[in-house]
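Asker: got a predicted model here, sequence first, then my questions.
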Amino acid sequence: MKNKLVKILYFDCPMGISGDMFLASLIDLGVDKGLILKELRKLKVDRIDVAVASELRHSISCTSFRVKLHESSLHRTFRDIKRIISGSALSPDVKKLSTKIFRIIAEAEGKVHGISADEVHFHEIGAMDSIIDIVGAAVALEAIGPERVICSPLPLGSGWTNTMHGKLPIPAPATLEILKGAPVAPSPIEFELTTPTGAAIMKAAASFGPMPAMTVERVGYGAGKKDVKERANIVRAVLGSKGALDGPEGERLHVLETNIDDMSPELSGYLIEKLISSGALDAFHTAVQMKKSRPGVLLTVLAKEEDRARLMEMIFRESTSIGVRSYPVERHCLERKVLKVRTPFGTVSVKASYLSGRAVNAQPEYEDCRKLSEKKGVALKVVMDSAKAAALEKLG
């Protein structure tokens, strides 16, 4: 079987990310700026004018992307922007991603200012430059077509910035709201490193973590507006590939665990159910012996990075625990597909697992088999064995 390559796009952001830096790095990577402009002109807005240039940042050759504004005082609501995007001739995928990015910003701004997302007036972030940055980012991503987009933890900067709402601390409140659940990195630089637009693009299009194992094919450098003395103000886009059959990809997750010896079984069972229904990837109890020979349980929860804080809060709120341990882990999963098989008792769904392109396991769905067992008056194990045999025959 041919080893299909999975295309991976990784963003290394040592100085944060903005919309123009994102676009500049992808143009430097090889996306045709003419294609981006052609697609942007499908928007029913006033004149679109951008400048793409080669620049140096600490002797590193990179590309800059700047929007030349012609409507500096025009403000739009999220409702206005949705109308502009949906009424354009852009591709469905570009429309979907662009709207998703703007929705993330609108919901964050709305929460910060106490208004609905549709009524948010996009002052700094919603003028023409951000429309171009966000739609251009969606166009560039569609042109590359990566199966996975990953971003490094984002430094946010510090200090103060002038806005339509007055002087605000950096990071901007909307930026922090957008990046809830995402890893950030410390930075002593006193200006805004990650903008709401840059944060929203990454939140919508990427997962966060270290650079994965892959074969590097191309690298692009996007220049920030400021040429900072301390460090090169750049973002680095790395395009690579990994063989889909090279083995299961690692996924960075978190384990939460706590020892409990003073909680009733009713509460313990309820907590497990609530954790699973609230987004935990797994949750279980293990019998342990605690101090003073007391029997107890070890509660273990597997969570995504963005769910870690919320699930930890749930453990404290719903259990008697007064301390929770947390540490990162890497999970490797086989590729899975669901197929339907015919048995003498009826049709059953079967989960097939694949390693290096070959099926290595087939597990019939319990509920399908249980219903057929009760309907046909046949032992459950007979139905399950029949379904598994049919699946293995179909998988070869």
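Answerer: Perfect, thanks for sending it.

Asker: which stretches of this structure form helices?
Answerer: 19-29, 33-40, 78-86, 92-113, 128-144, 173-178, 196-205, 265-277, 308-318, 366-376, 380-395 (DSSP state H).

Asker: can I get those in CSV with mean pLDDT, mean neighbour count and distance to Lys351?
Answerer: C-beta coordinates here come from the backbone N, C-alpha and C atoms, glycine included. Output for these, formatted as CSV (pLDDT from 0 to 100; neighbours: other Cβ atoms under 10 Å; distance: least, Cβ to Cβ, whole Å):
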stretch, mean pLDDT, mean neighbour count, distance to Lys351
helix 19-29, 96, 27, 37
helix 33-40, 93, 16, 40
helix 78-86, 88, 17, 38
helix 92-113, 90, 20, 29
helix 128-144, 92, 23, 31
helix 173-178, 91, 23, 36
helix 196-205, 94, 27, 29
helix 265-277, 94, 14, 18
helix 308-318, 94, 16, 25
helix 366-376, 94, 16, 11
helix 380-395, 93, 18, 9
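
Asker: for Ser321, which non-adjacent residue is spatially closest?
Answerer: Thr258 (4.3 Å; Cβ to Cβ, 6 or more residues apart in numbering).

Asker: measure the one you found to Leu176 for me?
Answerer: Distance of Thr258 to Leu176, given as Cβ to Cβ, to the nearest Å: 28 Å.

Asker: cool, Ile201 as well?
Answerer: Distance from Ile201 to Leu176, by Cβ to Cβ: 16 Å.

Asker: do Thr300 as well
Answerer: Using Cβ to Cβ, Thr300 is found at 30 Å from Leu176.

Asker: hmm, back to that, export the helices of the chain to a markdown table and tack on distance to Arg231?
Answerer: Supplementary listing: the helices of the chain in a markdown table, determined by distance: least, Cβ to Cβ, whole Å:
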| stretch | distance to Arg231 |
| --- | --- |
| helix 19-29 | 14 |
| helix 33-40 | 26 |
| helix 78-86 | 34 |
| helix 92-113 | 27 |
| helix 128-144 | 23 |
| helix 173-178 | 20 |
| helix 196-205 | 17 |
| helix 265-277 | 42 |
| helix 308-318 | 30 |
| helix 366-376 | 55 |
| helix 380-395 | 53 |
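
Asker: for Val6, which of those helices is the nearest?
Answerer: Distance to Val6, taken as Cβ to Cβ, is lowest for helix 128-144 among the helices of the chain, at 13.1 Å.

Asker: wait, what's in contact with Asp20?
Answerer: Ser64, Phe65, Arg66, Val67, Asp129, Asp133, Gly222, Lys225 (Cβ atoms under 8 Å, 6 or more residues apart in numbering).

Asker: which among the residues you listed count as buried?
Answerer: Ser64, Phe65, Val67, Asp129, Asp133, Gly222 (16 or more other Cβ atoms under 10 Å).
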